[in-house]
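Colleague: Below is the sequence, then the predicted model.
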Amino acid sequence: MSHSEFKPFVPPDQHPREFTFRAIALGAVLGIIFAASSVYLALKVGMTVSASIPIAVLSITLFRIFGKATILENNIVQTTGSAGESIAFGVATTMPVFLLIGMEMELLSILWMALLGGLLGVLMMIPLRQGLIVKEHGKLMYPEGTACADVLIVGEQGGTNAKTVFMGFGLGALYKLFNVGFKFWAEIPTRMLNFFKGASVSAEVTPELLGVGYIIGPKVSANMMAGGSLAYLILIPAIKIFGENIDTIMFPATTLIRDMSPNEVRNAYILYIGAGAVATGGIISLIKSFPTIVSAFRRGFRTFIDSRKGGETRAVIPRTEQDLPLWMVVFGSIGLVLAIWLAPVLHINAISAVLIVLFGFFFVTVSSRITGEIGSSSNPISGMTVATLLITCLLFLAVGWTGVSYRAMALCTAAIVCIAASNGGTISQDLKTGYLVGATPKYQQISIGIGVITSALIIGWIVIALNDAYTTVVPRQYADYQAVVPSDAPTMVAPDGNSYRVHYVQEQTGNIIAGKYLVDDSNRISYLVDPGIAGTVNEIDGKPVTKLDSPKARLFSLIIDGILTQKLPWGLVLIGVFLALVMELVGVSSLPFAVGLYLPLSSSAPIMAGGVVRAIVDKRRISNAAEAEFSPGVLLSSGFIAGAAIMGVALAGITGAGWDKYINFSSWFGHLSETDWFAIIPFGALMYFLYRVGVKENNRK
């Protein structure tokens, strides 16, 4: 359905309650809760779950208990709250890099980067709304945004459609509880192909990824699956085969190829290929969308000029088309750039501030388009951060900025861009939801700005608290190393009860990794202070030690050190660049393909399963675009995403509290809970149920 044919749920000439204090307050509180859980998930596994749909469901439920709200108030709640998850991802995947390059995470620095990056993402998305959300309606699907609108609408309507969504919600939540919480079956069944050396297949059999695949459809799902298949069934086996008889460690790996598992090969080599492909796909996407962007800016300037002529022109703008004025975007962006440059707690100079503006706008645009094509769950924000780090570090290398302080500057530049791009993708989903339900865009833009502020105030505390909770101090002696420590250096009490001076090693020296150490009076290292996030000590006295692995932080630190020490594997990056170009030459959209190449195959496989179910349903059921947006299958998929996401956040909180062992009932099924084929049974049943619901007629009035 084109924009000219579309009619929102709440018509523009109606003005129900929308931007109210209770909606903002509830959204801020829920945003903080989801930010806390998302920080833990991002630090543990390098990913988060979308917060908009769970927050929308909670909002509807809570307001039904404490006083009915309008659909637009519920939309403001989810818009405000969604900022927490997006900022949490950006902060949690970049800030731990400070620990890996021999520095400390500073609370005020984290707060400023979260705040400035989040607000920058909001402001830069405002002029893009008309082009991406409105004019591309029917082309860019925005799966989570559409699903969230479905949840809000059926929550307003009740009836059979509400039952479909909440049935999906219940099934998604129960499935996630039985799978991840009770551990009745394997979460990611994996099979090594013994007849094909180095090849493996896996699938994260979760309802939220199945639902995303159904919503985005078979074409985009197939492109992603193609990228994942190339990585796991061609590139990794090829590397294993050719590296089998090589007795030299091939950079950037740290072990021989023949001793590496497929996942280790992916982490060492394929991630660089994927990063190059994602960066190229993003550039191509920007080029394709350039006319739309120009049109959006022209419209923005025209609105700005018309508004200066008097109230008459402004009054004719429909409520559902009212963005924040362009002058606010321009002056707000200038103010943010000045704050980024002049803030003493940030390691940013004027050149880095300019890079933040350029990369910020570019990747906010790319992030918004990616979420429109394949959804927030598959939005490769980390790939965009990799591209930012690559270019920033190369520029620094070209002008001779290779010292330790410039590594921190490159990290801060990439971190702010990462947060801006992450929040840009989130607000684009929110604006799509608002477009479908008939919200006022300017109120949404203000709401997510408020959500940025409230979430930024607490995320730094959470990251630092988690790191401190899991930090371990272990004895280390290096006879050949003499530390240079000032007499007024801070001190710390070691496990032996004595006080030692703190010493930071900021470049690897021999076998002494970068990090924090304790030195004695003779300036000899006595202890390693191993961080709780991305630490290297996995056990003490034979007992395992809990750590938050933060895989993305390890990747980012490797890139910073790799370029500024001139050891980046450029050959791998260029392979990804030309793979993306080849895909475009044969008529395949390179961005979904590149995303599939970058993500684990276990993520693309269940998305492909959802796409296959959608293809079968579409052949059985003929409907127009309007009916497809509210078809039973889409509604059920919306419920899957919402239920599984809320349960995922709840289980993350349980795991963070250390209570997960109390709900681990895997012994009930014996060895079956660990077998791969057993996990396929409930997932296959879920697919069949989605198909049965999908082929039903739509009962929406």
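Modeller: Done, it's in.

Colleague: would you list every one of the strands in the stretch 101-250 of the chain?
Modeller: Taking DSSP state E, counting those that start in this stretch to define them, one finds strands in the stretch 101-250 of the chain at 190-192, 200-202.

Colleague: Relative to the last one, what are the paired strands and their orientations?
Modeller: Spelled out, it's strand 200-202. Strand 200-202 sits in its sheet next to strand 190-192 (antiparallel), going by DSSP bridges.

Colleague: Can you pull out the residues in contact with the strand it pairs with?
Modeller: For strand 190-192, the external contacting residues (C-beta atoms under 8 Å, 6 or more residues apart in numbering) are 199-202, 262, 602, 676. C-beta here means a position set from N, CA and C on the backbone, and glycine is covered the same way.

Colleague: Quick one: mean pLDDT for it?
Modeller: Mean pLDDT, computed over strand 190-192, is 88.

Colleague: Report the buried residues of it.
Modeller: In terms of neighbour count (16 or more other C-beta atoms under 10 Å), strand 190-192 has its buried residues at T190.

Colleague: now swap in stretch 96-111 and tell me
Modeller: Applying a neighbour-count criterion of 16+ other C-beta under 10 Å, one finds 96-103, 105, 109-111 buried in stretch 96-111.

Colleague: Where does pLDDT dip in the stretch 551-700 of the chain?
Modeller: By pLDDT under 70, the low-scoring segments of the stretch 551-700 of the chain are 551, 567-568, 622-630, 656, 697-700.

Colleague: can you map out the helices along it?
Modeller: Along the stretch 551-700 of the chain, counting by DSSP state H, counting those that start in this stretch, helices occupy 551-564, 570-585, 590-598, 601-620, 625-629, 632-656, 676-694.

Colleague: and the second one with helix 590-598, angle?
Modeller: Okay, so that is helix 570-585. On the basis of axes from the mean of the first three to the mean of the last three C-alpha atoms, to 10 degrees, helix 570-585 is oriented at 140 degrees to helix 590-598.

Colleague: Over to the longest one?
Modeller: Angular relation of helix 632-656 and helix 590-598 on a 0 to 180 degree scale: 40 degrees, by the same axes, to 10 degrees.

Colleague: hang on, the earlier thing: and the strands of the stretch 101-250 of the chain as JSON lines, adding distance to P380?
Modeller: Putting the strands of the stretch 101-250 of the chain into JSON lines (distance: least, C-beta to C-beta, whole Å) gives the following:
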{"stretch": "strand 190-192", "distance to P380": "22"}
{"stretch": "strand 200-202", "distance to P380": "19"}
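
Colleague: Looking at those, spot the one closest to V10.
Modeller: For V10, the closest of the strands of the stretch 101-250 of the chain is strand 200-202, at 43.4 Å, according to C-beta to C-beta.

Colleague: I would like the residues contacting the closest one, please.
Modeller: Outside strand 200-202, the residues that touch it by C-beta under 8 Å, 6+ apart are 188-193, 232-233, 236, 262, 600-602, 605.

Colleague: which one among these gets closest to H671?
Modeller: Each of the contacts of strand 200-202 was checked against H671 using C-beta to C-beta; the closest is P189, at 13.8 Å.

Colleague: tally of neighbours for the closest one?
Modeller: Neighbourhood size, P189 [other C-beta atoms under 10 Å]: 21.

Colleague: Identify the residue nearest S638 in space, chain neighbours excluded?
Modeller: In space, and not counting its chain neighbours, S638 is closest to A147: 3.6 Å by C-beta to C-beta, 6 or more residues apart in numbering.

Colleague: so what's the one you found scoring on pLDDT?
Modeller: A147 carries a pLDDT score of 82 in this model.
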